[in-house]
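Trainee: Can you look at this prediction? I've put the sequence above it.
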Amino acid sequence: MAAIDGQVPSDAQEITTGQANRVWYVDAPVPYVLKHYGDRARAANEAAALALLTQHNGPAPRLLGADPNGRPAWTAQSAVHAEPTPTDRLLDELDGPLAAVHCIPGQHVGRLAAAPRHRTWRDYLHNRLDTYTAAAPDLAQVAAALHRNLDALDVDTEPRLLHHDLQPGHLVRPFNGQPLLLDWELATLGDPLSDLARLAVRLDLTNPADVLQLAHRPPAAASRRIHLYWRIHQLADAALGTDPLVRQLARDRLS
């Protein structure tokens, strides 16, 4: 087998699905998926997340190679022959994989790579709120209220691995084997309830507590915490969403 170097073989099959990255299936003696990134930081973060998941035998593709500093940045991941989990089965089938992910401990808070590390989960969230305020100054009052709500809650926790982009399409059912989670570019170390809040936003739920059934050993004040995180994720979409429809929907929710 030729060494994986990030170059696209002439017989590779492009399987890009419309996101900012380009993705190919490479039918080598050991098939793999090659991913080229528009953002080096996301490449570094996904590579670090997949390396951690590989170390813990987590429910994700295996990292076969990576160069976040390449031109372009790239990762190579084990090929997964699978179909997306139907939306009406998502919560049931997500339970096991998510519990396995949320058991993986971290050594710091925040993104795994190519981003500042934070002393506490609260510090990380305050930093995110400042980022959203800078991107959307007209939402400063919403962010200020969330800053106050954050300080009123005990949210600090031992950091655990979060996928942080849970949505239909990212959980797949291989034809042989257990369900796997794909696309780890936004993986973070922090409070698992934030993962569930992000999922509630992506499922357009009006009550994020509807996904608390997926919480592994939910902490005290879990309902208040997940509602706070739910609002923070809505603010993230409203301030930084690249899809105009997603951005407007988030703004409507916040109002």
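Mentor: Okay, I see it.

Trainee: contacts and neighbour counts: CA atoms only from here.
Mentor: Will do.

Trainee: Please enumerate the helices of the protein.
Mentor: 40-55, 90-102, 121-135, 140-151, 192-202, 222-240, 244-254 (DSSP state H).

Trainee: Which parts of this protein belong to which domain?
Mentor: Here the domain parsing of the chain from automatic domain parsing is 13-78, 82-254.

Trainee: any idea which helix or strand of this structure has the worst average confidence?
Mentor: Counting by mean pLDDT, DSSP states H and E, the chain has its least confident helix or strand at strand 82-84, which shows a mean of 88.

Trainee: list the helices and strands that one packs on?
Mentor: strand 171-174 (3 or more Cα pairs under 8 Å, 6 or more residues apart in numbering; DSSP states H and E).

Trainee: Show me what counts as buried in the strand it packs on.
Mentor: By 16 or more other Cα atoms under 10 Å, the buried positions in strand 171-174 come out as 171-173.

Trainee: Likewise for stretch 55-67?
Mentor: 58-67.

Trainee: What of stretch 164-179?
Mentor: Those buried within stretch 164-179 under the rule 16+ other Cα under 10 Å are 164-168, 170-173, 179.

Trainee: For the residues you listed, give me a markdown table that also has distance to residue 196 and pLDDT.
Mentor: Putting these into a markdown table (distance: Cα to Cα, whole Å; pLDDT from 0 to 100) gives the following:
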| residue | distance to residue 196 | pLDDT |
| --- | --- | --- |
| 164 | 8 | 97 |
| 165 | 10 | 95 |
| 166 | 8 | 96 |
| 167 | 10 | 91 |
| 168 | 13 | 90 |
| 170 | 14 | 94 |
| 171 | 14 | 96 |
| 172 | 18 | 95 |
| 173 | 20 | 90 |
| 179 | 18 | 93 |
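
Trainee: Just flag the most distant two among the residues you listed.
Mentor: 164 and 173 (19.5 Å; Cα to Cα).

Trainee: so what's residue 224 scoring on pLDDT?
Mentor: At residue 224, the model reports a pLDDT of 96.

Trainee: should've said residue 229
Mentor: 98.

Trainee: my guess is it contacts residue 197, does it?
Mentor: Yes. Assessed by Cα atoms under 8 Å, residue 229 is found in contact with residue 197 at 5.8 Å.

Trainee: Compare neighbour counts for the two and give me the winner.
Mentor: For residue 229 versus residue 197, neighbours defined as other Cα atoms under 10 Å are more numerous around residue 197 (30 against 23).

Trainee: Okay, now the unreliable bits of this protein?
Mentor: Residue ranges of the chain with pLDDT under 70: 1-2.

Trainee: related to what we said a few turns ago, can you tell which of the domains of the chain is closest to residue 3?
Mentor: domain 13-78 (9.5 Å).

Trainee: Straight-line length of the closest one, end to end?
Mentor: End-to-end distance of domain 13-78: 15 Å, with Cα to Cα, to the nearest Å as the criterion.

Trainee: now it, how far from the chain's geometric center?
Mentor: On the basis of Cα atoms, centre = their mean, to the nearest Å, domain 13-78 sits 14 Å off its chain's mean C-alpha point.

Trainee: likewise stretch 203-217?
Mentor: Distance, centroid of stretch 203-217 to centroid of chain: 16 Å (Cα atoms, centre = their mean).

Trainee: Need the residues that contact it.
Mentor: If you take Cα atoms under 8 Å, 6 or more residues apart in numbering as the criterion, stretch 203-217 is touched by 91, 94-95, 98-99, 102, 167, 192-193, 196-197, 199-201, 218, 223, 226-227, 230.
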